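Enquirer: sequence first, then the predicted structure, then my questions.
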Amino acid sequence: MDASVIAPRYLTDHWHDAESAFDVTSPSSGSVLGQAADCGEAEAKAAVDVAWRAFEHWRDVNPFERAATLRRWHGLIMANQDELGRLMALEMGKPIREGRGEAAYSAGFVEWYADEAKRIYGTWFPSHLPGKRLLAIKQPVGPAYAITPWNFPAAMLTRKAAPALAAGCPMIVKPAKQTPFTALKLAELWLEAGGPPGTLQVLTTFKPGPVTQVMMDDPRIRKVSFTGSTDIGKLLYRQAAETVKRLSLELGGHAPYLVFDDADLDRAVSQVLACKFRNAGQTCVCTNRIYVQDGIYEAFAERFAAATAALVMGDPLDDATDIGPLVDGAGLAKVVEHVDEALAKGASVATGGRATGGLFYAPTVLTDVSSDMAIMHEETFGPVAPLMRFSSEEEVIAQANDTPYGLASYLYTRDLARAIRVSEALEAGLVGVNDGVPAAPYAPFGGVKESGIGREGGPWGIEEYLEIKYVSFALG
């Protein structure tokens with residue numbers, strides 16, 4: 001699929017040509033890639049009708065048949081890995097190497113949940129009465145609605161849709177306005193895999209409010225999964241109460257990385273670099289605060305700055321590129337604001353520290369950072385790594401936990417006892433110990449505190465789309 005030539009369309013139980021559309025622009029070149037359908041209230045209401053009709057059929061499809069369809073979808077995603085990587089590079093500036101990696105990661109969720117579809121087990125359990133037999137079974141919760149972000153447009157779609165479809169729940173996806181083409185391509189591949197009409201729908205829109213309001217108001221939408229900002233997540237939480245929908249919310253983060261003085265410096269630098277600068281720092285689990293113990297602070301800062309300076313910034317379609325553009329002007333402005341404020345309060349630039357034209361910002365390391373700087377409290381979502389000293393384990397744990405967020409945390413140490421103590425003490429849904437990139441399709445992903453509720457991935461992810469029904473048999 002070439003984004004520059006496709007007609008604007010959206011998918012319910014079949015493809016529809018759009019009555020209105022909006023431009024999709026490349027953050028790298030600034031050029032218009034194509035147009036996407038601008039769906040609204042009418043399209044959303046029709047999509048719910050379609051989803052309910054699809055649910056009445058899909059929930060009764062044999063789980064092995066659902067699994068086989070997911071398996072075919074997985075194969076098609078992998079066969080289109082290069083095209084999906086290219087779409088992500090065009091739409092949101094992700095370096096194409098990372099885009100291809102994300103396509104494989106997204107396929108991993110589909111593969112995992114193809115198997116999980118066959119593991120939705122019920123349980124017989126004993127009764128205190130000899131004339132009874134008791135059973136708990138799991139059934140699909142119903143049609144689901146997913147709101148996916150621009151920074152992982154393929155992986156976040158499959159992380160939500162694959163468990164829903166495996167469980168027997170049709171899903172309506174509202175992708176970010178920056179990245180509609182990746183979602184549409186994945187939906188196209190679902191249909192090619194034999195996915196029944198209406199089981200996976202994609203409504204693109206420039207104004208998400210009316211579409212989402214329909215979904216939140218309709219009691220037939222039984223489950224909502226959202227990845228995005230904490231403010232929007234709180235709004236959805238309130239709206240979901242009216243019809244008591246089930247929710248998965250993966251919200252903002254402000255991940256600390258704790259580097260202790262017993263660290264292997266070269267390996268620590270490598271892990272922190274991978275954690276910080278993926279997708280130009282535009283991921284919810286990128287480290288935003290790097291705490292380095294006094295004994296190695298100077299050596300770590302020097303090596304980390306040198307490694308950061310060696311990153312290649314450029315065209316995301318070039319395989320040599322490590323750092324692409326920020327997604328839009330607002331994202332760039334926040335990076336500039338955070339760096340300027342830190343410098344005004346006494347921070348120093350070890351490397352980078354400047355916008356380089358367009359939406360590009362040089363990968364940056366700041367030293368002499370203090371806790372009163374905004375960058376240590378607000379999510380920057382850009383290629384800026386602030387380094388701050390610490391002395392004791394107790395001190396740095398308190399600093400790491402001093403945030404309303406709790407999505408990811410990281411530490412590097414060769415002391416096993418410390419690794420256990422600190423990983424247990426950090427208030428986060430996932431912790432990487434000597435591992436800057438811990439996420440996997442078969443592992444639970446989600447946050448605590450204001451970083452969200454629920455878990456996606458692994459066997460935990462499909463439970464979000466299943467209800468438990470208790471059945472009591474009196475034998476007479």
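Expert: Received, thanks. Because the structure is predicted, anything quoted here is derived from the model rather than measured.
Enquirer: give me the contact list for stretch 321-337.
Expert: Residues from elsewhere that reach stretch 321-337 (Cβ atoms under 8 Å, 6 or more residues apart in numbering): 27-28, 89, 92-97, 150-151, 178, 277, 279-280, 282, 311-316, 355, 358-361, 363, 374, 380-384. (C-beta placed from N, C-alpha, C; glycine too.)
Enquirer: name the element the residue nearest the centre of the chain belongs to?
Expert: Central residue of the chain (Cα atoms, centre = their mean): residue 156, 4.8 Å from the mean position. Using DSSP states H and E, residue 156 sits in helix 155-167.
Enquirer: now do the strands in the stretch 51-200 of the chain.
Expert: In the stretch 51-200 of the chain, the strands defined using DSSP state E, counting those that start in this stretch lie at 123-125, 132-140, 144-147, 171-174, 200-202.
Enquirer: I'd like the average pLDDT over stretch 268-287.
Expert: Across stretch 268-287, the average pLDDT comes to 97.
Enquirer: that older thread, give me the subset of the contacts of stretch 321-337 lying in helices.
Expert: Among the contacts of stretch 321-337, the ones falling in helices (DSSP state H) are 89, 92, 96-97, 277.
Enquirer: the inter-axis angle of the helix holding residue 156 versus strand 132-140?
Expert: Taking axes from the mean of the first three to the mean of the last three Cα atoms, to 10 degrees, helix 155-167 and strand 132-140 form an angle of 140 degrees between their directions.
Enquirer: tell me which residues in helix 155-167 are buried?
Expert: Using 16 or more other Cβ atoms under 10 Å as the test for burial, helix 155-167 gives 155-167.
Enquirer: do stretch 61-71 as well
Expert: Under 16+ other Cβ under 10 Å, the buried positions of stretch 61-71 are 66-71.
Enquirer: from these, which single one is nearest residue 418?
Expert: Set against residue 418, the nearest of these by Cβ to Cβ is residue 70 (41.5 Å).
Enquirer: so who does the closest one touch?
Expert: By Cβ under 8 Å, 6+ apart, the neighbours of residue 70 are 110-111, 113-114, 117, 162, 165-166, 193.
Enquirer: next one: residue 385
Expert: Residue 385 neighbours (Cβ under 8 Å, 6+ apart): 272, 276-277, 281, 287, 290, 304, 308, 363-366.
Enquirer: strands - which of those residues land there?
Expert: Among the contacts of residue 385, the residues falling in strands (DSSP state E) are 287, 290, 364-366.
Enquirer: out of the strands of the stretch 51-200 of the chain, nearest to residue 436?
Expert: In terms of Cβ to Cβ, the element of the strands of the stretch 51-200 of the chain nearest to residue 436 is strand 144-147, at 27.3 Å.
Enquirer: next, the buried residues of the one helix or strand residue 234 maps to.
Expert: Using DSSP H and E, residue 234 sits within helix 230-240. Applying a neighbour-count criterion of 16+ other Cβ under 10 Å, one finds 230, 232-233, 236-237, 239-240 buried in helix 230-240.
Enquirer: closest one to residue 53 among the strands of the stretch 51-200 of the chain?
Expert: strand 200-202 (11.6 Å).
Enquirer: tell me the buried residues in stretch 309-321?
Expert: For stretch 309-321, by 16+ other Cβ under 10 Å, it's 311, 313-317, 321.
Enquirer: swap in stretch 21-28?
Expert: For stretch 21-28, a neighbour-count test (16+ other Cβ under 10 Å) marks 21-22, 24-28 as buried.
Enquirer: export that stretch as CSV, just CAs?
Expert: What follows is stretch 21-28 as a C-alpha-only set of coordinates in CSV (Å, rounded to 0.1, in the frame of the first residue of the first chain):
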residue,chain,number,x,y,z
ALA,A,21,-10.9,13.6,4.7
PHE,A,22,-7.8,15.2,6.2
ASP,A,23,-4.1,15.4,5.2
VAL,A,24,-1.5,13.2,6.7
THR,A,25,1.9,14.9,6.7
SER,A,26,5.4,13.4,7.0
PRO,A,27,7.3,14.9,10.1
SER,A,28,10.5,14.2,8.3
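Enquirer: neighbouring contacts of that stretch?
Expert: Contacts of stretch 21-28 with the rest of the structure, by Cβ under 8 Å, 6+ apart, involve 3, 8, 31-38, 89-93, 177-178, 180-181, 206, 315-317, 324-328, 358-359.
Enquirer: and for stretch 454-461?
Expert: Residues contacting stretch 454-461 (Cβ under 8 Å, 6+ apart): 109, 112-113, 116, 119, 159-160, 163, 225, 247-250, 429, 439-446, 464.
Enquirer: the residues you listed in helices, which ones?
Expert: Taking DSSP H, the ones among those that sit in helices are 109, 112-113, 116, 159-160, 163.
Enquirer: do I have it right that residue 180 meets residue 36?
Expert: Yes: the criterion here is Cβ atoms under 8 Å, and residue 180 meets it with residue 36 at 3.9 Å.
Enquirer: common neighbours of those two, please.
Expert: Shared contacts of residue 180 and residue 36, defined by Cβ under 8 Å, 6+ apart, comprise 24, 204.
Enquirer: what's the most distant pair in the ones in helices among the contacts of stretch 454-461?
Expert: Distances among these were taken as Cβ to Cβ; the most separated pair is 116 and 160, at 13.9 Å.
Enquirer: rewinding a little: what's the closest of the buried residues of stretch 61-71 to residue 351?
Expert: Relative to residue 351, the closest of the buried residues of stretch 61-71 is residue 70; by Cβ to Cβ it sits at 44.7 Å.
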